[in-house]
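# no sequence on hand, only this structure:
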């Protein structure tokens, strides 16, 4: 379980035309050793994206999705602590006076692996040889041959095969072109691949090779797989000829979206909290916020992880012709849409203020909810949380994960150690 410390800043009074800014700072909880960890071995360029879910209700309803992304420094190993963005933010345009209730809900933590490739040698434990007695290994081969790692597995027994399970979007078969080699068949995830075989005794133009041993060549490739775990099978199709395995090259293309398997869902704990934001017409004096404080209750965190589904709220939003991709709030509307904002690299922090008397000339008051919303509205009589003046009050979230964001992919783990 990973516990996060979070702080949500929400203005309680605005004038029409001012943006409703939501700032959500987050970090790992001090003193708690559990952290999100890398799900495998990766090169530089991995990213962690954190997306919040903030519900708007009252005179209108909608969803804000504050986002923040951070690059991971250097290469990653399984379980290595992942860096989180310092904060996430989003805003809505205000187009009409009224009152809107703001309720922070879940956080989603996504890991996106970097694009790249790495080699897996034929003697890697992840490469399996079925009918092991039919295969033998050549070691310390001459450098002039060009084998990757100067070694090779080969068999001349028909229908003997080798398998390798990997995580990525593509795979390449590296072996020798040789007068001793023959036809080799390929399957991906137990289905015939395209092409389904190659003849390693022939040149790319189909003419017979004159090379006795020409190693380290990419003789076959398959790309365009959905990112995830896949298995390649290499089978000797020709009796009396050699099928050879030198290495595999695992490829991951640049991914448009984080893989669903690399998502953790953080559920906010403690009682639900909602904040009323009053939006006034220009020139009007907004009513002072009610400085009601209710002690925070410590609640045992509940954990949720969604490895294969993403949450996409379908809110009712008042549309606006501002054309900038952000949500506008106005009159009560029944138009249905989903709002996603552009992540902002920095978070503008506004000082936390605890009002002690009406201050009509100070329309911008930031409140910091302590605790988080599970579902539904706060029970009658209050939110059960301190809504004003806490300054350092935090919302605690949790997600099932221990030190790993998701289950380790064994094939990915071993492979990149050789890169």
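That came in fine, so what should we check first? What you see is a predicted model; the values in this text were computed from it and never measured.

# residues near the residue nearest to residue 115 when sequence neighbours are not counted, how many?
Spatial nearest neighbour of residue 115, excluding adjacent residues (Cβ to Cβ, 6 or more residues apart in numbering): residue 254 at 4.0 Å. C-betas here are computed from N, CA, C, even on glycine. Neighbouring residues of residue 254 were enumerated by other Cβ atoms under 10 Å; the total is 11.

# equivalent analysis for the one 4 residues further on, please.
Other residues within reach of residue 258, judged by other Cβ under 10 Å, total 21.

# report the contact partners of it.
Residues in contact with residue 258, defined by Cβ atoms under 8 Å, 6 or more residues apart in numbering, are 47, 49, 110-112.

# point me to the helix or strand that includes it.
For residue 258, there is no host helix or strand (DSSP states H and E).

# look up how far residue 135 lies from it.
Taken as Cβ to Cβ, to the nearest Å, the spacing of residue 258 relative to residue 135 amounts to 38 Å.

# then residue 22?
As it turns out, when the distance is counted by Cβ to Cβ, residue 22 lies 60 Å from residue 135.

# and what of residue 265?
45 Å.

# how about the strands of the stretch 201-350 of the chain, start to end?
For the stretch 201-350 of the chain, strands defined by DSSP state E, counting those that start in this stretch occupy the ranges 214-222, 228-236, 243-245, 247-252, 263-268, 275-280, 327-329.

# reformat those into CSV and put mean pLDDT and mean neighbour count next to each item.
As requested, these are exported to CSV (pLDDT from 0 to 100; neighbours: other Cβ atoms under 10 Å):
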stretch, mean pLDDT, mean neighbour count
strand 214-222, 97, 18
strand 228-236, 97, 19
strand 243-245, 97, 28
strand 247-252, 97, 22
strand 263-268, 90, 24
strand 275-280, 93, 21
strand 327-329, 48, 25
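
# output those strands in JSON lines, with distance to residue 122 appended to each entry.
Conversion of these to JSON lines gives the following (distance: least, Cβ to Cβ, whole Å):
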{"stretch": "strand 214-222", "distance to residue 122": "11"}
{"stretch": "strand 228-236", "distance to residue 122": "10"}
{"stretch": "strand 243-245", "distance to residue 122": "5"}
{"stretch": "strand 247-252", "distance to residue 122": "6"}
{"stretch": "strand 263-268", "distance to residue 122": "34"}
{"stretch": "strand 275-280", "distance to residue 122": "61"}
{"stretch": "strand 327-329", "distance to residue 122": "55"}
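
# ok, which of those comes nearest residue 119?
Judged by Cβ to Cβ, the one of those that comes nearest to residue 119 is strand 247-252, at 5.3 Å.

# just the angle between that closest one and strand 214-222, please?
Put simply, strand 247-252 runs at 40 degrees to strand 214-222, going by axes from the mean of the first three to the mean of the last three Cα atoms, to 10 degrees.

# walk me through which strands strand 247-252 pairs with, and which way each runs.
With DSSP bridges as the test, strand 247-252 is paired with strand 116-121 (antiparallel), strand 170-177 (antiparallel).

# right, so these: which one is the most enclosed?
Neighbour counts (mean count of other Cβ atoms under 10 Å) averaged over each of the strands paired with strand 247-252 peak at strand 170-177, with a mean of 23.

# mind checking what helix or strand follows it in sequence?
Heading C-terminal from strand 170-177, the first helix or strand you meet, by DSSP H and E, is strand 183-188.

# I'd like the mean pLDDT over that next one, please.
Confidence for strand 183-188, expressed as mean pLDDT, is 98.

# mind listing what's buried along that strand?
Of the residues in strand 183-188, 183-187 count as buried by neighbour count, 16 or more other Cβ atoms under 10 Å.

# just put these in TSV and tack on distance to residue 89.
Supplementary listing: these in TSV, determined by distance: Cβ to Cβ, whole Å:
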residue	distance to residue 89
183	59
184	54
185	54
186	48
187	48
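
# farthest-apart pair in those, please.
183 and 187 (14.1 Å).

# relative to residue 11, how far out is residue 64?
Note on residue 64: its distance to residue 11, by Cβ to Cβ, is 13 Å.

# which one of these two has more residues nearby?
Shown here are residue 64 and residue 11; by other Cβ under 10 Å, residue 64 has more neighbours (26 against 23).

# hey, what's the more buried one bridged with?
Judged by DSSP bridges, the bridge partners of residue 64 are residue 54.
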